[in-house]
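Novice: sequence unknown, structure follows:
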């Protein structure tokens, strides 16, 4: 089954404790992206990647890091989480070389930083 | 650069009434356009997409949208609302040449009243 898988789905952590949210897709998609969703603000892009080793900042990259060492994986790293990073995070992917043009989303990861 | 506006952060309709959710976009190149739906506590699901010639696009659950180039609009409609349509709806735009990212609108929350 074609899917985007995020882990963990739910996480409560404390300020300053590094964490990684993993994202993996099994559709051989070139493009992957991270979004955060906050009430009243919709979806805001954090980082995106057009292919392996190619990443770029989105609209709200501060406090986040990403890496794209393999085509299927695109982890989101919070080096020193703060309470303002409490949010619902979505990973998404799409192909760039033909096929469906829409974004495929993971189920979301709800993060709480105390 | 691309952008998307959605008129009305919250729309309420009665069950059985027409649903109309508005989306306007700006894009310097011919775009792909999308509507996504997010049911409570779930991820984002593709409702429908506009990619080429047919300007009236039909999606799942009885929704449809019409691409109007002259008005730069892609409004979402459903003739008769059902209680299960209560959700958040996001309009999105993407450039056809894949050189640019997906851009989401701020979302419209649809409430369906009995």
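Specialist: Perfect, thanks for sending it. This is a predicted model, so every value here is computed, not measured. Numbering: from 1, shown residues only, chains lettered A, B, ... in the order given.
Novice: tell me the SS of the closest residue to chain A within chain B?
Specialist: Among all residues of chain B, residue B:106 sits closest to chain A, at 3.9 Å; criterion: Cβ to the nearest Cβ. For the C-beta atoms, the positions are set from N, CA and C on the backbone; glycine is no exception. Of the three states, residue B:106 takes coil under DSSP: H, G, I helix; E, B strand; the rest coil.
Novice: just checking, it touches residue A:38?
Specialist: No. Here residue B:106 does not reach residue A:38: they are 10.7 Å apart, not a contact under Cβ atoms under 8 Å.
Novice: now the strands: where do they sit in the chain?
Specialist: Using chain A here. Taking DSSP state E as the test, the strands found in chain A are A:4-7, A:10-13, A:19-25, A:31-38, A:42-51, A:54-57, A:65-66, A:76-78, A:87-94, A:104-105, A:109-113.
Novice: wait, I meant chain B there
Specialist: Remark: strands assigned in chain B by DSSP E are B:3-5, B:10-14, B:19-21, B:24-26, B:31-38, B:44-50, B:56-58, B:64-68, B:73-78, B:87-95, B:103-104, B:108-113.
Novice: who's in contact with the nearest residue to residue B:83 once chain neighbours are set aside?
Specialist: Residue nearest to residue B:83 in three dimensions, not counting chain neighbours: residue B:112, with 5.2 Å by Cβ to Cβ, 6 or more residues apart in numbering or on different chains. By Cβ atoms under 8 Å, 6 or more residues apart in numbering or on different chains, the residues touching residue B:112 are B:12, B:13, B:14, B:15, B:81, B:82, B:83, B:85, B:86.
Novice: find the nearest non-adjacent residue to the third one, please.
Specialist: Translated: residue B:14. residue B:113 (5.0 Å).
Novice: wait, the one you found touches residue B:11, no?
Specialist: No. The pair formed by residue B:113 and residue B:11 falls short of the contact definition of Cβ under 8 Å, at 11.1 Å.
Novice: bridge partners for residue A:87, pull those for me.
Specialist: Counting by DSSP bridges, residue A:87 forms beta bridges with residue A:111.
Novice: check contacts around it.
Specialist: Shown here is residue A:87, whose contacts under the criterion Cβ under 8 Å, 6+ apart are A:36, A:37, A:38, A:110, A:111.
Novice: buried among the residues you listed? Need that as a selection in PyMOL.
Specialist: A single PyMOL command selects the buried members of the contacts of residue A:87 (16 or more other Cβ atoms under 10 Å in any protein chain shown):
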select buried, chain A and resi 36+37+110+111
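Novice: from the contacts of residue A:87, which is closest to chain B?
Specialist: The closest of the contacts of residue A:87, once distances to chain B are taken by Cβ to the nearest Cβ, is residue A:37, at 8.4 Å.
Novice: just checking, that closest one touches residue A:91?
Specialist: No. Counting by Cβ under 8 Å, residue A:91 is not a contact partner of residue A:37; they are 11.9 Å apart.
Novice: thank you kindly, that will do.
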